[in-house]
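>>> quick one: sequence plus predicted model below, questions after.
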Amino acid sequence: MKETAAGKTTRKKTVKFYVGIAILTLTVMIGGSVPYLLLRGGWGNRAGQQTEQRAPRPARAEERRGVWVAYLSLEGVDREGIDKIVADTKAAGLNTIFFHVRPFGDALYDSDYYPWSHLVTGTQGQAPEDGFDPLAYAVEAAHREGMYLHAWLNPLRIMLPSGTYPPSLSDDNPYTVWR
């Protein structure tokens, strides 16, 4: 089967498009990791090596400097953990938190459409006994410190990067319902 000149042009455009998307995705991932790595002790620090600590310049009101808080750091999320995230973010001179609230077709907030995340109670679909709402608390904590909080959603992912599912998918998880 022969490929026409028009087909080659279309294929080149498609490849360029997907390469551009891949580059953009990597740029966002790497750029989003920088504040997190800086909060965790920075690059280049060897174990036991002392580094000079400088106070970060606070973000100006018209700029957003933030940290992406992914589900990987939210296992067993509680009030103290959220307070630490907010305090560390503020101490780093950042003013915005991008908080991952829908990691596996579930939610870190009370929802009519998605089950509670297993990251909150250990079991997907099980609400916290004390009525704790991680998103509501995170918004409160960030605003109390004069910071912004943006809820970040993963609308379609169900699997872990390893290709496995979370420990258990509840009966009301969209994947379970729509499958």
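Cool, got the structure. Computed from a predicted model, the values in this text were never measured in an experiment.

>>> which SS state does Ile82 fall under?
helix (DSSP: H, G, I helix; E, B strand; the rest coil).

>>> distance-wise, check Val67 relative to Ser117.
20 Å (Cβ to Cβ, to the nearest Å). Glycine gets a C-beta too; all of them are placed from N, C-alpha and C.

>>> more neighbours: these two, which one.
Ser117 (30 against 23; other Cβ atoms under 10 Å).

>>> could you give the number of residues near the closest residue to that one other than its chain neighbours?
In this structure, Ser117 finds its nearest non-sequential neighbour in Asp106, 4.1 Å apart by Cβ to Cβ, 6 or more residues apart in numbering. Using other Cβ under 10 Å, Asp106 has 27 other residues around it.

>>> Asp106 touches Tyr175, doesn't it?
No: if you go by Cβ atoms under 8 Å, Asp106 and Tyr175 don't touch, sitting 9.6 Å apart.

>>> between the two ends of stretch 136-155, how far is it?
In stretch 136-155, first residue to last residue: 19 Å (Cα to Cα, to the nearest Å).

>>> mind starting the numbering at 44 from now?
All set: I'll call the first residue 44, so the last point we hit is now stretch 179-198.

>>> hmm, who's touching that stretch?
Contacts with stretch 179-198, where a contact means Cβ atoms under 8 Å, 6 or more residues apart in numbering, come from 107, 109, 111, 114, 122, 125-126, 128-130, 132-133, 137-147, 152, 178.

>>> so of those, which ones are in helices?
122, 125-126, 128-130, 132-133, 178 (DSSP state H).

>>> quick check on those residues: which are buried?
Among the ones in helices among the contacts of stretch 179-198, those buried by neighbour count (16 or more other Cβ atoms under 10 Å) are 125, 128-129, 132-133, 178.

>>> dump stretch 204-213 to CSV, restricted to CA.
The C-alpha trace of stretch 204-213 is given here as CSV (Å, rounded to 0.1, in the frame of the first residue of the first chain):
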residue,chain,number,x,y,z
PRO,A,204,1.7,3.7,37.8
SER,A,205,2.7,0.1,38.3
GLY,A,206,-0.4,-1.0,36.3
THR,A,207,-2.2,-2.2,39.4
TYR,A,208,-5.4,-0.9,41.1
PRO,A,209,-5.6,0.8,44.5
PRO,A,210,-6.1,-1.8,47.3
SER,A,211,-9.8,-2.0,46.6
LEU,A,212,-12.3,-0.2,44.4
SER,A,213,-15.6,0.4,46.1
